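[1] No letters, just coordinates:
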């Protein structure tokens, strides 16, 4: 089993990365393979609405001048997907939104390619707006017929400057529980 995590933050070692790594560490303790992909600095553009993915039925985005198709392939190979984003004006970062939109369109035009995979959102927030980010990511999972595990609270860590999330004990405990619950769910599904 494997879980792939996508860090939508432009800070490779920032709060979102710390939160994602906390979840991944729990998964690794349970013997589940993990991979963390830093994609928050990439120039991924949004879906063009060309629907060539539907027309060509190639299980790829027709736009092939960035890493989107590599990321989609990683999602297809994985049993679980973690999407992490900091909160930018109560929303996702642009690269994370592009990843969701384009992978979502390709998946839906091919009969929901991500169906029955386990997906979880991880959000870093300074003060407010994190619930909207959490909801946006979960909408992607749920419309794709994915299974979303719960935790002890919403999967949000509160922090300001990069690295400060290590002081949010409740947020870190939430991520730890999320990792355990995700591992348990993956093992049940794969049994």
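    Right, received. Where do you want to start? Keep in mind that what you see is a predicted model, and the values were worked out from it rather than measured.
[2] what about the residue nearest to the spatial centre of the chain, which SS state?
    The C-alpha lying nearest the average C-alpha coordinate of the chain belongs to residue 83 (Cα atoms, centre = their mean; 1.1 Å). Assigned with DSSP: H, G, I helix; E, B strand; the rest coil, residue 83 falls in the strand class.
[3] Next, the closest residue to it other than its chain neighbours: secondary structure please.
    Nearest residue to residue 83, sequence neighbours excluded (Cβ to Cβ, 6 or more residues apart in numbering): residue 137, at 4.9 Å. C-beta here means a position set from N, CA and C on the backbone, and glycine is covered the same way. Three-state assignment for residue 137 (three-state DSSP): helix.
[4] so residue 137 makes contact with residue 131?
    No. The pair residue 137 / residue 131 is not scored as a contact, 11.0 Å apart, by Cβ atoms under 8 Å.
[5] Report the mean per-residue pLDDT for the strand or helix carrying residue 120.
    In the assignment (DSSP states H and E), residue 120 maps to strand 118-125. For strand 118-125, mean pLDDT rounds to 98.
[6] So for it, what gets flagged as buried?
    The neighbour-count check on strand 118-125 (16 or more other Cβ atoms under 10 Å) flags 118, 119, 120, 121, 122, 123, 124, 125 as buried.
[7] what's it packed up against?
    Contacts defined by 3 or more Cβ pairs under 8 Å, 6 or more residues apart in numbering; DSSP states H and E place strand 118-125 against helix 15-29, strand 80-86, helix 130-143, strand 156-158, helix 169-190.
[8] Centre of the chain to the helix or strand of the chain with the lowest mean pLDDT, how far?
    Lowest mean confidence among the helices and strands of the chain (mean pLDDT, DSSP states H and E): helix 52-56, at a mean of 94. Distance, stretch centre to chain centre, for helix 52-56: 25 Å (Cα atoms, centre = their mean, to the nearest Å).
[9] cool, and stretch 76-92?
    Centre-to-centre, stretch 76-92 and its host chain are 3 Å apart (Cα atoms, centre = their mean).
[10] Report the buried residues of it.
    Going by neighbour count (16+ other Cβ under 10 Å), the buried part of stretch 76-92 is 76, 78-88, 92.
[11] Taking these together, which two end up most distant?
    79 and 88 (29.3 Å; Cβ to Cβ).
[12] quick revisit: residues touching the residue nearest to residue 83, list them.
    83, 85, 92, 96, 100, 121, 123 (Cβ atoms under 8 Å, 6 or more residues apart in numbering).
[13] Out of the residues you listed, the closest to residue 8 would be?
    For the contacts of residue 137, the nearest to residue 8 is residue 96 (3.1 Å; Cβ to Cβ).
[14] Might one say that the closest one is in contact with residue 85?
    Yes. Using Cβ under 8 Å, residue 96 is in contact with residue 85, at 4.4 Å.
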